[in-house]
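> Mind looking at a prediction? Sequence and model below.
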Amino acid sequence: MEISKTNRLSLVEQVVFQIESLIESGTWLVGSKIPPELELMQQFDVSRNTLREAIRALVHAGLLQTKQGSGTYVCSSSVLGAALERRIQKANLLEILEVRHALEREAAQLAAIRRNQENIARIQEILKACEKAAEQNDRKAYVKADIELHKEIVEASHNGILIDLYKHMTSSLQSSIQNLTKMTTHTDFHIGIHQELVEAIVKQNADQAIAVVNEYITQFKEALM
């Protein structure tokens with residue numbers, strides 16, 4: 001069997017890889033402006049043309065955004081995130097809800113099996129924030145806490161790929177939750193459901209956790225329809 005030789009990365013590809021690493025590690029945060037061109041040329045030890053070609057590639061990939069007269073900014077934390085965001089923008093609310101169902105159902109099941117004491121403490125803390133926002137009828141605070149609760153449950157799954165997928169869908173999920181909560185008469189409608197979900201995860205009842213996710217997604221779909 002003939003094995004093909006590994007191609008060496010070009011200078012442009014090397015710069016792209018280094019910039020991706022800076023973004024994914026959090027050294028360059030989403031929303032921040034990247035350093036000046038001259039500084040980056042010196043940092044990467046490349047020519048202006050090489051750097052500009054790498055920047056163009058990352059703009060095309062969706063990680064960077066160039067604003068005329070202002071500079072270049074980080075607009076996504078990874079290539080995966082940028083690709084998902086572009087795809088999600090083309091989806092309708094029902095499609096997003098169906099994806100939420102798949103991800104959150106699996107996350108709830110794994111969280112019930114794998115959660116640790118740190119996960120439990122954090123989940124319960126965020127649940128209290130949900131309850132407080134509902135009591136005050138503060139929809140904005142409720143949506144924020146709701147998203148954080150589901151993110152923490154996904155974190156408790158301890159599945160890196162699932163965590164990354166969910167993290168990159170957060171903005172679209174937030175939009176879907178905002179739209180769905182507007183369709184219900186009472187903001188605290190979901191609090192009982194969330195309490196049941198957290199209880200199932202704490203008690204490591206995976207079947208119950210799945211059942212709760214199925215229940216609230218079904219209610220969301222009925223509200224949407």
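Yes, it's here.

> Low-confidence regions, this protein specifically.
Residue ranges of the chain with pLDDT under 70: 1-8, 170-189.

> State which helix of it is the longest.
Longest helix in the chain by number of residues (criterion: DSSP state H): helix 93-114.

> if I pick the residue lying closest to residue 101 once chain neighbours are set aside, what's in contact with it?
Nearest residue to residue 101, sequence neighbours excluded (CB to CB, 6 or more residues apart in numbering): residue 217, at 4.4 Å. C-betas here are computed from N, CA, C, even on glycine. When contacts are counted by CB atoms under 8 Å, 6 or more residues apart in numbering, residue 217 touches 97, 100, 101, 104, 105.

> before we move on, back to that, which of the residues in the longest helix of the chain are buried?
Neighbour counts using 16 or more other CB atoms under 10 Å place 96-97, 99-101, 103-112 of helix 93-114 among the buried residues.

> do stretch 125-135 as well
Residues of stretch 125-135 classed as buried: 126, 127, 129, 130, 131, 133, 134 (neighbour count, 16+ other CB under 10 Å).

> of these, closest to residue 156?
Taking CB to CB as the measure, residue 156 sits nearest to residue 126 out of these, at 11.4 Å.

> and residue 72, that one's in a strand?
Yes: under DSSP: H, G, I helix; E, B strand; the rest coil, residue 72 falls within a strand.

> Please look at it and residue 65 and confirm they touch.
Yes: in this structure residue 72 lies within contact range of residue 65 using CB atoms under 8 Å: 7.0 Å.

> Mutual contacts of the two, please.
residue 59.

> Between those two, which is the more surrounded one?
Neighbours per residue (other CB atoms under 10 Å) separate residue 72 from residue 65, with residue 72 holding more: 18 against 15.

> Return the residues in contact with the residue nearest to residue 155 when sequence neighbours are not counted.
Of all residues not flanking residue 155 in the chain, residue 163 sits nearest, at 6.1 Å (CB to CB, 6+ apart). For residue 163, the contacting residues are 154, 155, 157, by CB under 8 Å, 6+ apart.
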